[in-house]
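Student: Give me coordinates for this.
(chains A and B)
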Amino acid sequence: MPEKSNAIDVVDAVKRYGDFTALQQISLSIFDNEFFTLLGPSGCGKTTLLRMIAGFEDVTEGAIFLFGEEIENLPPNKRPVNTVFQNYALFPHMTITENVAFGLEMRGKSKSEARTRAGEMLELVQLSQFAARKPSQLSGGQQQRVALARALAPQPKVLLLDEPLSALDLKLRQAMRFELKELQRETGITFIFVTHDQEEALTMSDRIAVMSAGEMQQLGEAKEIYERPHNMFVADFIGETNLLEVSVDQITNGRAVCHLGGGHELTCNEVQGVGVGSKVHMSVRPERLFLSDEPTETESLKGTVRDNIFVGTDIQTIVDLSDGPQMIVRTSNSDRGNKRIFDPGAQAYVNMESEAARLLVD
Amino acid sequence: MASRKYDIKSFPGFLPITALCLVILYAPLLVVTVYSLNDSNSITNWEGVSFRWYVDVFTGPESDKFKIAAWNSFTIAIVAATVSTTIATLAATAMIRGGRFRLRTVSFGLISLPLMVPEIVTAVATLIFFNSIGFTRGYLTILVAHIAFCIPFAYMPISARMQGIEDSYEQAAMDLYASKRQAFTKILLPLMLPGIISGFILAFIISLDDFIITNFVKGAGVETLPTAIFGSVKQGIKPNIMAISTMLLAVSIVMVTISYFVSKSDNTK
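Tutor: Numbers count the residues shown, from 1 in each chain, chains lettered A, B, ... in the order given. Have a look, this model is predicted:
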């Protein structure tokens, strides 16, 4: 049920276009003053959900609440939320100041008041010297900041950001991540951020909703989603992982003994929904694995090193487990001194920290 | 850079064909312009430069007729262009911003079809239409006919322009608390302005220049410049016709130039 203290409550929202269901029964709550991210591949329904909150898409079924007030039937101009569009959609025939002042003027502020506030906003995003220019005279990164200033100027209750960084180059994108996060903290406004970039989501968000095929796959804090993915999709989509087919042999005291094939055995925490005898997948993050000559006291799997791949910060070692699946081990380059790098063809044991392996539902 | 081999300028016969086309297109206009400055009663013998035929247009025996015809032509062109541009703007907004609706393709066809129909057919049909509803032919029938056939001409540049404007601008405006009407007047309309001006100028020129339809629907005694010129030419071409033609040509050139610069000033970039 909607709570007054929640910025947004989406209750059983469904979106259909004719026969096609873009969004199937999504319910989620976004807290006040939160940096919330909708993450998923293209076509997963994340932008549709954002546009439903903004008012550009009708809600086929269900309801949307903004601080406890039902809004799904209001037109966009009656909702105290503002959007940063993917292509920025800055008004090309207006100056930067006029762009930023637009929302304030439409809200009935006097021209001079709106201009003053627009000036302050431009100062906040460090673009005061461009106030009299037209959007086309600004670089992509600057346009992006104008779009932010314009959307924040009327002090919306919630700011919606539709893949705002996707048009920027890598360096700028990384800098903007930090700036956005700062801006959210400074203004105290709830940000709802849509992206398909899992790294962006992990670095910026307080909480993330992972979406796929119109359904929410998992909702949680960044760390939780990364370390305890709920299902195959989340484990595969977020970060890199070893996905292994396993069969669960027995469960005792919350620990599940799993078979990987080739006689390899692994013990990990049991997961609700995975019982004895089930054939499921297991996710093990490559950076939580390490290699050794001899079996260690932790879980150890014997194999042969196939190749080492240098990827800058790490070295990826591909290991063929004897008669079993292949695994990738990531060794940080700073660890080279104390962790041995094995040559291709060498025998090695793949070891993991306890709780590194995670059973996945379906 | 395109390789020299594939440069169209190096194709055999490029230069002669280009020259031929330019001569056929522009030589008659050049001749008319030059001979409008001829100080002779004949249209073929050159007797030196003079502006006497320009003076004749405004003061000569036919000047009253031409003045009235010019007045009719310009007032009809301005009103017809204004009304048809307004209708075309609204039509484009409905067609392009109205989302998908049934008969959209049919509507688009209906708007642009008059461009393909032979003008004589439109002329006859319009005449029959006015007769059947008992409209007395005169200034008003010309005006109504011009408004009608100018709509597709005005519609083309306006809709082309509007298709190039993403709807995210209007969405951004509404997101920033503008009503639908404000989003239209403050955002869409200014962005469409170059297209609207082009549409207006095109409609204006088309109306100013029209002969066939005008000739059919005009009443007795009401003339526009093209029909007056035609009437005058039927009694033999006199040099004053060349002067009038040259002046009309000048108006067209000015209009086309304005249209060019307006379309170049793309305010969405």
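Student: Which pLDDT value does the model give residue B:101?
Tutor: In this prediction, residue B:101 carries a pLDDT score of 73.
Student: And the one 4 residues further on, by the same measure?
Tutor: Residue B:105 carries a pLDDT score of 81 in this model.
Student: Equivalent analysis for residue B:266, please.
Tutor: In this prediction residue B:266 is given a pLDDT of 63.
Student: do the same with residue B:1
Tutor: 48.
Student: residue of the stretch 101-250 of chain B with the smallest distance to chain A?
Tutor: Closest approach between the stretch 101-250 of chain B and chain A, counting by C-beta to the nearest C-beta: residue B:176, at 3.5 Å. The C-beta positions use only the backbone N, C-alpha and C, and glycine is treated the same way.
Student: Now do the contacts for that residue.
Tutor: A:77, A:82, A:102-103, A:106, A:150-151, A:154 (C-beta atoms under 8 Å, 6 or more residues apart in numbering or on different chains).
Student: Now rank these by neighbours and give me the top one.
Tutor: Among the contacts of residue B:176, the one with the most neighbours (other C-beta atoms under 10 Å in any protein chain shown) is residue A:150, at 32 neighbours.
Student: tell me which parts of chain B are close to chain A?
Tutor: Counting by C-beta under 8 Å from any C-beta of the partner chain, chain B comes close to chain A at B:166, B:168-169, B:171-180, B:182, B:187, B:190-191, B:267-269.
Student: Filter those down to the buried ones.
Tutor: With burial judged by 16 or more other C-beta atoms under 10 Å in any protein chain shown, the buried subset of the residues of chain B next to chain A is B:168-169, B:171-178, B:182, B:187, B:190-191, B:268.
Student: and the two most separated of these?
Tutor: Within these, B:177 and B:268 form the most distant pair, 22.4 Å apart (C-beta to C-beta).
Student: is it fair to say residue A:308 lies in a strand?
Tutor: Yes: the assignment for residue A:308 (DSSP: H, G, I helix; E, B strand; the rest coil) places it in a strand.
Student: quick one: it from residue A:314, how far?
Tutor: Per C-beta to C-beta, to the nearest Å, residue A:308 is found 10 Å from residue A:314.
Student: chain center to stretch A:100-110, what's the gap?
Tutor: 33 Å (C-alpha atoms, centre = their mean, to the nearest Å).
Student: let me fix that: stretch A:31-41
Tutor: Here stretch A:31-41 is found 8 Å from its chain centre; the criterion is C-alpha atoms, centre = their mean.
Student: List the buried residues in it.
Tutor: Buried-residue list, stretch A:31-41, by 16+ other C-beta under 10 Å: A:32, A:34-40.
Student: That stretch - what's its average pLDDT?
Tutor: This predicted structure assigns stretch A:31-41 an average pLDDT of 92.
Student: cool, stretch A:138-146 as well?
Tutor: Stretch A:138-146 carries an average pLDDT of 89.
Student: Tell me the buried residues in it?
Tutor: Within stretch A:138-146, the residues scored as buried using 16+ other C-beta under 10 Å are A:138, A:141-146.
Student: mind putting the residues you listed in CSV, distance to residue B:206 and secondary structure included?
Tutor: Formatted as CSV, those follow (distance: C-beta to C-beta, whole Å; DSSP: H, G, I helix; E, B strand; the rest coil):
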residue, distance to residue B:206, secondary structure
A:138, 40, coil
A:141, 47, helix
A:142, 44, helix
A:143, 40, helix
A:144, 44, helix
A:145, 47, helix
A:146, 42, helix
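Student: Now distance to chain B too, for those, in a markdown table please.
Tutor: Rendered in a markdown table, the data for those read as follows (distance: C-beta to the nearest C-beta, whole Å):
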| residue | distance to chain B |
| --- | --- |
| A:138 | 12 |
| A:141 | 18 |
| A:142 | 16 |
| A:143 | 13 |
| A:144 | 14 |
| A:145 | 16 |
| A:146 | 12 |
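Student: from those, which two are the most distant?
Tutor: A:141 and A:146 (10.0 Å).
Student: one step back: now the residue of the stretch 101-250 of chain B closest to chain A: closest residue in space that isn't a chain neighbour?
Tutor: residue A:103 (3.5 Å; C-beta to C-beta, 6 or more residues apart in numbering or on different chains).
Student: residue contacts, that neighbour?
Tutor: Counting by C-beta under 8 Å, 6+ apart, residue A:103 has contacts A:82, A:150-151, A:153-154, B:176-177.
Student: Which residue ranges make up each domain of chain A?
Tutor: Split into domains by automatic domain parsing, chain A comes to A:6-232, A:240-360.
Student: any idea which helix is longest in chain B?
Tutor: Ranked by residue count, the top helix of chain B under DSSP state H comes out as helix B:63-97.
Student: Same check on chain A?
Tutor: Secondary structure of chain A read by DSSP H shows that its longest helix is helix A:170-187.
Student: Mean confidence (pLDDT) on it, please.
Tutor: On average, the pLDDT along helix A:170-187 is 88.
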